[in-house]
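> give me a model of this one.
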Amino acid sequence: DSSRHEVVIAVGPFRLASMKEMMEMMAMPGMEQMDHDAMMPQFVGRFPWPVQGMGRGFRLEITDATGKKIPQRFLHHLQIINGDRRQLLLPLEEKIMAIGRETRSLMLPETIGMPLTAGSKMRIKIMWHNETAEDLDGVRLTLRIRYSPANLVPTPTTVLPISIDVADSPAKPNTFTIPPGDVSVSREFIMPVSGRLLALSGHMHDWGSGLMLQEVESGKV
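Below is the predicted model:
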């Protein structure tokens, strides 16, 4: 949508089967090792990025078969991955966007933006999570990504996303075991470049009570 400077990604319809019985079964003793993620319905779509410009933010909408908006809690997570650019900290493809059920729509000011090249190989990954007792048919998802055109004057300051995961490593699942009690799980890394951190957000699953980014030498959080 060039008039609104938006790239619109629309996918669906999906049938989201109830996962309530599965969730109850996983809570039973001896079932802790079941692969929760492998049981949730997933969708992967590929597309070329259509415009030259700077990404600014997004709006997400999920609707049912009648077109009525439904809560974002049916979404476990959504990612947009740029296959033509690698991450800063790991030799993995760059995640330009990650949205969880708790993530609100985001819009950066016009003075900054993430450079996006027309023709870049993009991938959208969606994982659904219907924890209600009812199946849900005809679910559609619409993601509107706002961009600033390449000829914007003055040119926005370039920003890039950084993905940091406690357990993320190439070709391995990003999972770990949590022993009983009050414990912390951490991972150290070295920043390969200098720069400024403009914003920070996080995503946790059940049993997590806090998440922080800390400079090791000074202890500054």
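> roughly how far apart are the closest residue to residue 95 other than its chain neighbours and residue 16?
Excluding the flanking residues, the one nearest residue 95 by CB to CB, 6 or more residues apart in numbering is residue 163, at 4.7 Å. Glycine gets a C-beta too; all of them are placed from N, C-alpha and C. Distance, residue 163 to residue 16, by CB to CB, to the nearest Å: 27 Å.
> more neighbours, these two?
Under the criterion of other CB atoms under 10 Å, the comparison of residue 163 against residue 16 puts residue 16 first, with 22 against 17.
> contact partners for the more buried one?
With contact set as CB atoms under 8 Å, 6 or more residues apart in numbering, residue 16 has these partners: 41, 74, 128, 130, 135, 136, 137, 139.
> just the pLDDT at the residue nearest to residue 214 when sequence neighbours are not counted, thanks.
Using CB to CB, 6+ apart and skipping the chain neighbours, the partner closest in space to residue 214 is residue 221 (5.0 Å). For residue 221, the pLDDT comes out at 92.
> now residue 20
pLDDT, residue 20: 74.
> tell me how many other residues surround it.
Other residues within reach of residue 20, judged by other CB under 10 Å, total 13.
> among the contacts of residue 16, which are located in strands?
Residues of the contacts of residue 16 located in strands (DSSP state E): 128, 136, 137, 139.
> how about those residues, which pair is most distant?
128 and 137 (12.5 Å; CB to CB).
> looking at the two, which is more packed in?
For residue 128 and residue 137, the more surrounded residue by other CB under 10 Å is residue 128, and the numbers stand at 22 against 12.
> now do the contacts for the more buried one.
Residue 128 touches 14, 16, 40, 41, 42, 43, 74, 75, 76, 139, counting by CB under 8 Å, 6+ apart.
> export the residues you listed to JSON lines and tack on distance to residue 206?
Output for these, formatted as JSON lines (distance: CB to CB, whole Å):
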{"residue": "14", "distance to residue 206": "24"}
{"residue": "16", "distance to residue 206": "20"}
{"residue": "40", "distance to residue 206": "14"}
{"residue": "41", "distance to residue 206": "19"}
{"residue": "42", "distance to residue 206": "20"}
{"residue": "43", "distance to residue 206": "23"}
{"residue": "74", "distance to residue 206": "17"}
{"residue": "75", "distance to residue 206": "16"}
{"residue": "76", "distance to residue 206": "12"}
{"residue": "139", "distance to residue 206": "24"}
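> buried members of the residues you listed into ChimeraX, please.
Buried residues among the contacts of residue 128 (16 or more other CB atoms under 10 Å), as a ChimeraX selection:
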select :14,16,40,74,75,76,139
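> where does confidence bottom out across the contacts of residue 128?
residue 40 (74).
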